[in-house]
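# sharing a model that was predicted from the sequence below.
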Amino acid sequence: MNWESLLQIVRSKLEQSRPAESALDSRRLFHGRGNVYPGFERVCVDSYHPAILVTLFEEYEGEDALAQQLWSLVQPFGYTGIAVQRRYQPRAPILWECGEPVEAPVARRGALEFPLTFDRQNVGFFLDIEPGRQWLEQQVREKAGKVENLKLLNLFSFTCAFSVVARAAGDLEILNIDLNKGVLKRGQANHQFNDLPMKGIRFVARDAVRDFKRYDRSGPFQLAVVDPPTRQRGAFEVEINYAKLLEKLPACLADQADLLFVLNSPAHSEAYFRELIRAANPGYSVVERLPQNPDFPDSDPDAALKMLHVAFRR
């Protein structure tokens with residue numbers, strides 16, 4: 001396998017002139033899954049400085065060569081280790097293959113840091129949804145101190161990166177909802193790791209759809225993020241559950257609210273998503289589709305991550 005074209009893209013990104021304060025920000029250096037680079041559709045390379053994480057979704061000839069060539073390329077930029085995750089193997093193991101293991105890897109976003117777990121399939125921070133975090137950050141900055149009792153509902157919160165960014169941007173109450181108690185504990189730790197005030201931030205293990213009546217009275221919410229998995233066995237299926245959730249949601253929203261609805265399903269188009277929202281409640285109106293993270297090019301916009309800013313007016 002000739003990796004040179006992949007290495008050229010990584011080299012170009014590492015050499016790009018970036019502001020000093022964001023030079024170490026975590027980012028994707030190579031995104032094969034967008035089907036833009038023939039032959040490399042199942043390879044991704046992420047930067048969590050000083051760690052590089054290579055993810056292989058199928059077996060490639062010359063995987064060891066890729067790691068070694070990347071190692072030669074990235075060392076001058078201060079990287080100290082390369083880890084490789086093989087998603088095609090049982091339990092998707094991550095092994096440090098070059099340099100030294102980074103004992104406490106983190107994702108960096110400006111002044112914020114998010115501890116990662118390199119012993120699990122999902123390391124704990126999704127790079128592709130950064131435009132959504134930027135959107136929420138701006139919404140909080142515009143509303144905090146101006147909107148009385150500002151509240152954010154963060155559904156399918158995972159490790160609560162949206163909550164961390166929102167609290168760092170301004171003063172508000174936040175309700176993080178996720179079915180998994182383990183990721184909620186990591187979310188709480190993410191706030192503490194960044195020395196953020198915890199007052200008014202809650203972490204509640206609930207099924208976002210089935211348990212709606214157990215958290216809906218915590219509103220009204222002027223902001224909400226809905227970022228569900230495409231498919232979570234026994235808990236969420238896009239075709240079945242998303243519409244139900246969007247129908248329920250207005251009951252806990254303020255009369256005017258700004259919402260971020262996310263669909264991470266290559267099989268469902270933007271038109272499908274917009275129709276799902278339109279049919280759920282007449283108070284919803286799509287303001288815009290947020291731009292893709294430029295580090296995640298995709299040959300098909302309908303297959304890419306879809307992030308819609310939706311205004312709600314009762």
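Alright, I've got the coordinates.

# only C-alpha atoms for contact and neighbour calcs from this point on.
Fine.

# tell me the contacts of residue 8?
Neighbour list for residue 8: empty [criterion: Cα atoms under 8 Å, 6 or more residues apart in numbering].

# now do the phi/psi pair for it.
Note on residue 8: backbone dihedrals following degrees, to the nearest 10 are phi -60, psi -40.

# ok, now residue 151?
phi -140, psi 140.

# which residues does the residue lying closest to residue 309 once chain neighbours are set aside contact?
Leaving aside its sequence neighbours, residue 309 sits nearest to residue 260 (Cα to Cα, 6 or more residues apart in numbering; 4.9 Å). Residue 260 is in contact with 132, 224, 225, 226, 227, 307, 308, 309, 310, counting by Cα under 8 Å, 6+ apart.

# can you give the strand pairings for the strand or helix carrying residue 260, parallel or anti for each?
Taking DSSP states H and E as the criterion, residue 260 maps to strand 253-263. Neighbouring strands of strand 253-263 in its sheet, by DSSP bridges, are strand 221-226 (parallel), strand 306-313 (antiparallel).

# please identify the deepest-packed of those strands.
With neighbours taken as mean count of other Cα atoms under 10 Å, the strands paired with strand 253-263 reach their highest mean count in strand 221-226, at a mean of 24.

# what's the first helix or strand after it?
Using DSSP H and E, the helix or strand that follows strand 221-226 in sequence is strand 231-232.

# other residues contacting that next one?
By Cα under 8 Å, 6+ apart, strand 231-232 touches 237, 238.

# pairing partners for it, with directions?
Partners of strand 231-232 in the sheet, by DSSP bridges, are strand 236-237 (antiparallel).

# next secondary structure after the strand it pairs with?
Going down the chain from strand 236-237, the next helix or strand is helix 243-248, by DSSP H and E.

# what residues sit buried inside that following helix?
Judged by neighbour count (16 or more other Cα atoms under 10 Å), helix 243-248 contains these buried residues: 243, 245, 246, 247, 248.

# so for stretch 76-85, mean pLDDT?
Throughout stretch 76-85, pLDDT has a mean value of 96.

# next one: stretch 147-156
According to the model, stretch 147-156 has a mean pLDDT of 97.

# now that stretch: buried residues?
Using 16+ other Cα under 10 Å as the burial criterion, the residues of stretch 147-156 that qualify are 150, 151, 152, 153, 154, 155, 156.

# how is the protein divided into domains?
Here the domain assignment for the chain is 4-115, 130-313, based on automatic domain parsing.

# among the ones you listed, which comes closest to residue 124?
When these are compared by Cα to Cα, domain 130-313 sits nearest residue 124, at 6.3 Å.

# centre of the chain to that closest one, how far?
With Cα atoms, centre = their mean, to the nearest Å as the basis, domain 130-313 stands 11 Å off its chain's centre.

# that older thread, can I get the buried residues of stretch 147-156 in TSV with secondary structure and distance to residue 16?
As requested, the buried residues of stretch 147-156 are arranged in TSV below (DSSP: H, G, I helix; E, B strand; the rest coil; distance: Cα to Cα, whole Å):
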residue	secondary structure	distance to residue 16
150	coil	39
151	strand	38
152	strand	36
153	strand	37
154	strand	34
155	strand	35
156	coil	34
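
# what's across from residue 260 in the sheet?
Residues in a beta bridge with residue 260, per DSSP bridges, are residue 225, residue 309.

# for burial, what's the neighbour tally of residue 100?
For residue 100, the neighbour count with other Cα atoms under 10 Å is 13.

# specify the beta-bridge partners of the residue lying closest to it once chain neighbours are set aside.
In space, and not counting its chain neighbours, residue 100 is closest to residue 81: 4.9 Å by Cα to Cα, 6+ apart. In this entry, residue 81 is beta-bridged to residue 51, residue 99, by DSSP bridges.

# these two touch, right, residue 81 and residue 96?
Yes. Using Cα atoms under 8 Å, residue 81 is in contact with residue 96, at 7.0 Å.

# list the contacts of residue 245.
Residues counted as contacts of residue 245 (Cα under 8 Å, 6+ apart) are 208, 209.

# can you give me the buried ones in stretch 70-84?
Neighbour-count burial for stretch 70-84 flags 70, 71, 73, 74, 79, 80, 81, 82, 83, 84 (criterion: 16+ other Cα under 10 Å).

# mind checking the end-to-end distance for that stretch?
The straight-line separation of the ends of stretch 70-84 (Cα to Cα, to the nearest Å) is 11 Å.

# residues contacting it, please?
Outside stretch 70-84, the residues that touch it by Cα under 8 Å, 6+ apart are 7, 11, 14, 49-56, 67, 94-102.

# and with 7 Å instead?
If you take Cα atoms under 7 Å, 6 or more residues apart in numbering as the criterion, stretch 70-84 is touched by 7, 49-55, 94-102.

# looking at the domains of the chain, which is closest to residue 123?
Comparing the domains of the chain under Cα to Cα, the one sitting nearest is domain 4-115, at 8.8 Å.
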